[in-house]
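> Give me coordinates for this.
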Amino acid sequence: MTKNIAVVMGGYSSEYKISLKSGNVVCENLNKKKYNVFPIHIFKDKWVLVQNEIEYPVNRHDFSVVVNEEKIKFDCVFNAIHGTPGEDGKLLAYFELLNIPHTSAPSYQMALTFNKRDCLSVLKPYGIKMANSYYLNLGDTVDENKIIEKVGLPCFVKANKAGSSFGITKVHKKEDLKHGIEVAFKEDDEIIIESFLDGTEVSVGVINYKGKIIVLPITEIVSENDFFDYEAKYLGKSQEITPAQLSKTEEKRVNEVAKRVYEVLQMTGFSRSEYILIDGEPHILEMNTVPGMTKASLIPQQAEIAGISLEDLFGNAIEMALNN
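Numbers count the residues shown, from 1 in each chain. Next up, the predicted model:
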C-alpha cells in the first residue's frame, strides 16, 4: 500500500529559505510508486500543504489536511526543517505525542545536539577533543580580558543555537570582540566563544543505513573566505573535496571518532558533523542533525560517492522510521 509522506520544510529561523530548497529536493527524489508525497510548509503564521500553488491548512490537533473534502493523514514525516522547530526537537516532540514516525532522531537527541554548549558538554567526558570555550547568556557582564585569557585570539563567536553559519564571527582583535558578540546575540540569547583551531577542516556524514551506522565519505573544506561561512557554504566560496585528501591513518581516525560521537549521542537518522584535524586528531566543532539536502549540500555529495542515490538515501530514512 502506498504510504502518505509529509515532507516538512520552512521553519522559524534564518535558515528557512535553505530548508525550502532541501524539502523540494526531497519531494522531487522520493519514489512516487512507493510514496504519496505532500510538501508541508511550516511557518510561525501558518502550517499549510502546498499543491499546485494552492495552500491547504494543516489541522494541528492531529496533523491532517483536508483536500477536496478528503481528510489526509500521514504515515511518516520527513523532517527537512533546519533550525527551529525542526532541528531543535520541538516539532519532533509534537509528532511523537501524535505517534507519527519521523526521519529524525528522538526529540531529546535533537534538542541536545542543536544546543552546541550542551552537546559538547556531553561529549567531553568521553574523550572527544574540542576547542577551549567560553559561554555567555544575554545580559551577562562581558569581561573581554577574561574571554581572551580563556580562548585566545583569533577566536570564533557563535550563536549557541543556529545553523548555516548565521550569527558567527571570526575575531582577530580585542576591539572587534564586542561586535562579534552583538552579531551572535541577534540570532540567539546564548552564545559560545571558542578558540581558533588551526588545522584541516572536514565534514563527516553519519547515517543509519539499512539498520547499520555508516560513515559516509569524508569531505575536506577549503574556504576562500576566512572560515566556512554562509558564502562559502552556499555561494560557491569554497572547495569541497570528497573524498578528503587524508592519509589512511587520518581517515580511519576521523571515521572512528565520527561513529563514536553518533553512538554516544544515541543518534538515529541523518547527521553531519564538522571537525578540525590537528596532528591527526579530530576536534569536533558541532553536529547538524537536519543537514542540507540541496544539490549544493554535502550529504548528497557524500552519498553519491558512496553509491547511494538520493532516492535510496531519502527512501531509507523513511523505511527506517516506519520500521523503528
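
> Could you tell me how far residue 68 is located from residue 35?
Going from residue 68 to residue 35 by C-beta to C-beta, to the nearest Å gives 20 Å. (Each C-beta comes from the backbone N, C-alpha and C, glycine too.)

> who has more neighbours, the two?
residue 35 (20 against 6; other C-beta atoms under 10 Å).

> Report the beta-bridge partner residues of that one.
As for beta bridges, residue 35 partners with residue 3 under DSSP bridges.

> my guess is it meets residue 5, correct?
Yes - assessed by C-beta atoms under 8 Å, residue 35 is found in contact with residue 5 at 4.6 Å.

> which residues do these two both contact?
residue 318 (C-beta atoms under 8 Å, 6 or more residues apart in numbering).

> just the strands in the stretch 151-300 of the chain please.
With DSSP state E, counting those that start in this stretch as the criterion, the stretch 151-300 of the chain has strands at 155-159, 168-171, 190-195, 200-209, 212-215, 219-223, 238-241, 270-278, 281-288.

> typed the wrong thing, it's the stretch 1-150 of the chain
Under DSSP E, counting those that start in this stretch, the stretch 1-150 of the chain gives strands at 3-10, 35-43, 46-51, 54-59, 64-67, 70-72, 76-79, 129-130, 133-137.

> Point out the other helices and strands that the longest one packs with.
Translated: strand 35-43. For strand 35-43, the packing partners by 3 or more C-beta pairs under 8 Å, 6 or more residues apart in numbering; DSSP states H and E come out as strand 3-10, helix 16-29, strand 46-51.

> 10 Å instead, please
For strand 35-43, the packing partners by 3 or more C-beta pairs under 10 Å, 6 or more residues apart in numbering; DSSP states H and E come out as strand 3-10, helix 16-29, strand 46-51, strand 54-59, strand 64-67, strand 76-79, helix 310-323.

> what about that strand, average pLDDT?
The predicted model assigns strand 35-43 a mean pLDDT of 98.

> CA atoms only: put it into CSV for me.
Provided in CSV are the C-alpha atoms of strand 35-43 (Å, rounded to 0.1, in the frame of the first residue of the first chain):
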residue,chain,number,x,y,z
TYR,A,35,5.0,7.1,-1.6
ASN,A,36,2.3,9.8,-1.9
VAL,A,37,4.4,12.9,-1.3
PHE,A,38,3.0,16.0,0.4
PRO,A,39,5.1,19.2,0.8
ILE,A,40,4.1,20.9,4.1
HIS,A,41,5.3,24.4,4.7
ILE,A,42,5.6,25.3,8.4
PHE,A,43,6.0,28.9,9.4
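
> Now stretch 24-33: buried residues?
24, 25, 26, 27, 29, 30 (16 or more other C-beta atoms under 10 Å).
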